[in-house]
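Participant: Quick one, fold the following:
(one chain, ligands or ions: 1)
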Amino acid sequence: MRPTGQLHLGHLVGALHNWVRLQDTHDCFFFVADWHALTSEYANTTPLTGYALENVADWIAAGVDPEKSTVFIQSMVPEHAELFLLLSMVVPVPWLERVPTYKEQQVQLAEKDLSTLGFLSYPLLQTADVALYDGRFVPVGEDQVAHLELSREAVRRFAQFFGDVLVEPQALLTPVSRLPGLDNRKMSKSYGNAIDLSDDAESVLKKVRQMYTDPKRVRADIPGTVEGNPVFMYHDAFNPDVAEVDDLKARYRAGAVGDVEVKTKLAKAMNTMLEPMRERRRALLEHPERLTDIVVEGSRKARVVAQATMERVREAVRLKY
Ligand code: AMP
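Facilitator: Numbering: from 1, shown residues only. This is a model prediction of the structure:
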């Protein structure tokens, strides 16, 4: 995850839930992608290290366990840059220009100059990030699937010249791999439509009240549509009381419930789920030096693996002296 701001609910249901689950079955590597953050934030790098530690606090609060998994910082493992450089020798530029997010983000973030080589080559750096650890599965949200497709092609292209030295990665999605934000676009820090994991109960309620619902339903007695309605997608994702959710859906379809009731119950369920995480986050951030220790130790462990991979790669490229 890029340390470009606070984590939000999209990160939680799109990625973190899978991270926590996979720790018991897989050898997991989770990292703060601070070089990736620079691709869009190069003009203001001051807040990045602060966000990095806050993001790690959120991961741990959500259940990531640095004893079970390797939690590290990308820029503390310079082998990421070395493998990226070698990959860049064989991957044609048009492959990167064709990645859909390349043009989309330039339009969405028009206030930033994203015509840099760093931004163009973002998915190739991601390829290196994953391949360094022989990553087979990458637990990401849906927006990253096209990047992983590029990664697979890049690994295959590398193999044409240097043999099967890297592993082809594959995306692992959660049931909610694209959480909408308050305005029904994808929830994203840069769109200002997010509910953050650090938001207090009052802000969650306020934001839920502003959420987009069925626009045809201007009065509570007009039957509404549940399918594709973000408020009900949230109920499905965050409200464990299935009977309550079914009742709300039935009454919504029949025009027998007001938006206020639907949203108040949603905010309550969300706050019940978020409160223990907020508590753990607060406690962790009281000792930032412990978080620093965790990522320094994690980066040391990650680097051992990354160095072994690079030994293999240098040999394959025949640049071993
Ligand atoms: P980023 O903030 O772009 O570094 O994203 C970090 C991870 O969170 C990636 O795996 C994204 O796919 C995932 N993610 C971000 N926003 C959402 C969202 N709205 N829904 C689902 N997953 C998301």
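
Participant: for the ligand, what are the nearby residues on the stretch 101-250 of the chain?
Facilitator: 140-141, 143-144, 177-179, 186-188 (Cβ under 6 Å from any ligand atom). From N, CA and C alone the C-beta is placed, and that goes for glycine too.

Participant: cutoff 8 Å now
Facilitator: Counting by Cβ under 8 Å from any ligand atom, the residues of the stretch 101-250 of the chain close to the ligand are 139-144, 174, 176-181, 186-189, 194.

Participant: Of those, keep whichever come out buried.
Facilitator: 139-141, 143-144, 174, 176-181, 186-189, 194 (16 or more other Cβ atoms under 10 Å).

Participant: who's in contact with whichever residue of the stretch 101-250 of the chain sits closest to the ligand?
Facilitator: Ranked by Cβ to the nearest ligand atom, the top residue of the stretch 101-250 of the chain for proximity to the ligand is residue 141, at 2.4 Å. Counting by Cβ atoms under 8 Å, 6 or more residues apart in numbering, residue 141 makes contact with 10-11, 14-15, 173-174, 177-179.

Participant: contacting residues around residue 87?
Facilitator: Residues near residue 87 by Cβ under 8 Å, 6+ apart: 124, 127-128, 131, 154, 158.

Participant: can you tell me if the host helix or strand of it touches the ligand.
Facilitator: Here residue 87, judged by DSSP states H and E, is contained in helix 79-88. No. Residues of helix 79-88 are not located near the ligand by Cβ under 8 Å from any ligand atom, the shortest gap being 15.2 Å.

Participant: Next SSE downstream of that helix?
Facilitator: Downstream of helix 79-88, the next assigned helix or strand under DSSP H and E is helix 93-97.

Participant: Mind giving me the packing neighbours of that following helix?
Facilitator: helix 117-120, helix 145-162 (3 or more Cβ pairs under 8 Å, 6 or more residues apart in numbering; DSSP states H and E).

Participant: contacting residues around the closest residue to the ligand within the chain?
Facilitator: Closest approach of the chain to the ligand (Cβ to the nearest ligand atom) occurs at residue 14, with a separation of 1.9 Å. Residues in contact with residue 14 (Cβ under 8 Å, 6+ apart) are 140-142, 174, 176-179.

Participant: Now it: closest residue in space that isn't a chain neighbour?
Facilitator: Taking Cβ to Cβ, 6 or more residues apart in numbering, and ignoring the residues beside it in sequence, residue 14 has residue 141 as its nearest neighbour in space, at 3.3 Å.

Participant: what does residue 24 give?
Facilitator: residue 68 (7.6 Å).

Participant: State the distance from the one you found to residue 23.
Facilitator: Residue 68 sits at a distance of 5 Å from residue 23 (criterion: Cβ to Cβ, to the nearest Å).

Participant: In terms of packing, which of those two has more residues around it?
Facilitator: Between residue 68 and residue 23, residue 23 has the larger neighbour count (other Cβ atoms under 10 Å), namely 17 against 14.

Participant: pretty sure that one contacts residue 69?
Facilitator: Yes. Counting by Cβ atoms under 8 Å, residue 23 does reach residue 69; the two are 5.2 Å apart.

Participant: Retrieve the pLDDT associated with residue 281.
Facilitator: You'll see residue 281 listed with a pLDDT of 98.

Participant: The helix or strand where it lies packs against which elements?
Facilitator: Using DSSP H and E, residue 281 sits in helix 259-285. Helices and strands touching helix 259-285, as assessed by 3+ Cβ pairs under 8 Å, 6+ apart, comprise helix 48-62, helix 201-209, helix 230-238, helix 242-253, helix 288-317.

Participant: Relative to residue 31, which of these is closest?
Facilitator: Of all the helices and strands packed on helix 259-285, helix 288-317 sits nearest to residue 31, with 7.1 Å by Cβ to Cβ.

Participant: Now do the closest one: which elements does it pack against?
Facilitator: strand 29-32, helix 48-62, strand 70-73, helix 79-88, helix 145-162, helix 259-285.

Participant: ok, and what's touching the first one?
Facilitator: By Cβ under 8 Å, 6+ apart, the list of residues contacting strand 29-32 from outside reads 1-3, 19, 52, 55-56, 59, 64, 69-74, 77, 129, 133, 135, 295, 302, 305.

Participant: ditto for stretch 46-54
Facilitator: 3-7, 32, 34, 37-38, 41, 73, 198, 285, 288, 291-292, 295.

Participant: Output it as CSV, restricted to C-alpha atoms.
Facilitator: Taking Å, rounded to 0.1, in the frame of the first residue of the first chain, the C-alpha atoms of stretch 46-54 are listed here in CSV:
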residue,chain,number,x,y,z
THR,A,46,7.3,15.4,3.8
PRO,A,47,4.2,13.5,5.1
LEU,A,48,5.1,10.1,3.6
THR,A,49,7.1,8.6,6.5
GLY,A,50,4.4,9.7,8.9
TYR,A,51,1.7,8.1,6.8
ALA,A,52,3.9,5.0,6.5
LEU,A,53,3.9,4.4,10.2
GLU,A,54,0.2,5.2,10.6
